[in-house]
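*Asks:* Got a predicted structure plus its sequence, pasted below:
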Amino acid sequence: MRELSLNVMDIVQNSISAGASLITIQVKESVPEDMLSIRVADNGCGMTPEQVQHVIDPFYTTRTTRSVGLGVPLFKMEAEMTGGSFQIDSEKGKGTELTAVFKPSSVDMIPLGDISGTVQLLISCNPDLDFVFNRSYEPALGEKREFSLETTVLRETLGEEVPLDAPDVVLWIKEYLAEQTEELLKPMP
């Protein structure tokens, strides 16, 4: 994939297919540590250790629409190609957590892409699911910026009669994420 945000979308689709009702997406970037970490956790059906081994195999999939599953193996390969790491933890009946760590200075690093747009799209296309999105950025040692968006908080504020895929809500989410991302990534004075 040409952007990591597209990998995140694919991984979250796996979570949705696994019956998750709560999906957490965490993006942490540290310039001093030369590190970008992407974590996706869900409360879906989980997997056995044997299933976890199959998931990282690019020639295995549970989907019937194609004969191979490339999402997780590509994400793993992209992280490891930068000198980073990949870990997947899952427990049957409890959920799955996947963490990919990248070295942004690597020549093999692909762009993060529009992660905020990906999160906004996932929320608006799955209005009955809950999402937690956390993003942090450390531009210099000791200076950490972060923000989060939780759909449970949005639901409490809006009330049950206003769905998360209502046009005004979708626009607000898009603008909020764009503003927060701009503030997060602004150059240091």
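*Replies:* Cool, got the structure.
*Asks:* biggest strand in the chain by residues?
*Replies:* Secondary structure of the chain per DSSP state E: the longest strand is strand 130-140.
*Asks:* Just the CA atoms of that strand, as PDB, please.
*Replies:* What follows is strand 130-140, C-alpha atoms only, in PDB (Å, rounded to 0.1, in the frame of the first residue of the first chain):
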ATOM      1  CA  ASP A 130     -17.400   2.900  18.900                       C
ATOM      2  CA  PHE A 131     -14.000   4.200  18.000                       C
ATOM      3  CA  VAL A 132     -11.200   5.800  20.100                       C
ATOM      4  CA  PHE A 133      -8.600   7.700  18.100                       C
ATOM      5  CA  ASN A 134      -5.500   8.900  20.000                       C
ATOM      6  CA  ARG A 135      -2.700  10.700  18.200                       C
ATOM      7  CA  SER A 136       0.500  12.000  19.800                       C
ATOM      8  CA  TYR A 137       3.500  13.800  18.400                       C
ATOM      9  CA  GLU A 138       6.900  14.600  20.000                       C
ATOM     10  CA  PRO A 139       8.700  17.100  17.900                       C
ATOM     11  CA  ALA A 140      11.600  17.500  20.400                       C
END
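*Asks:* What helices and strands are in contact with that strand?
*Replies:* strand 22-30, helix 115-125, strand 143-150, helix 151-158, helix 167-185 (3 or more CB pairs under 8 Å, 6 or more residues apart in numbering; DSSP states H and E). Any C-beta I mention is one placed from the backbone N, CA and C, and that applies to glycine too.
*Asks:* In a markdown table, list those along with distance to L74 and mean neighbour count.
*Replies:* Output for those, formatted as a markdown table (distance: least, CB to CB, whole Å; neighbours: other CB atoms under 10 Å):
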| stretch | distance to L74 | mean neighbour count |
| --- | --- | --- |
| strand 22-30 | 17 | 21 |
| helix 115-125 | 16 | 20 |
| strand 143-150 | 26 | 14 |
| helix 151-158 | 27 | 14 |
| helix 167-185 | 24 | 15 |
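*Asks:* between the ones you listed, which gets nearest to V40?
*Replies:* strand 22-30 (5.6 Å; CB to CB).
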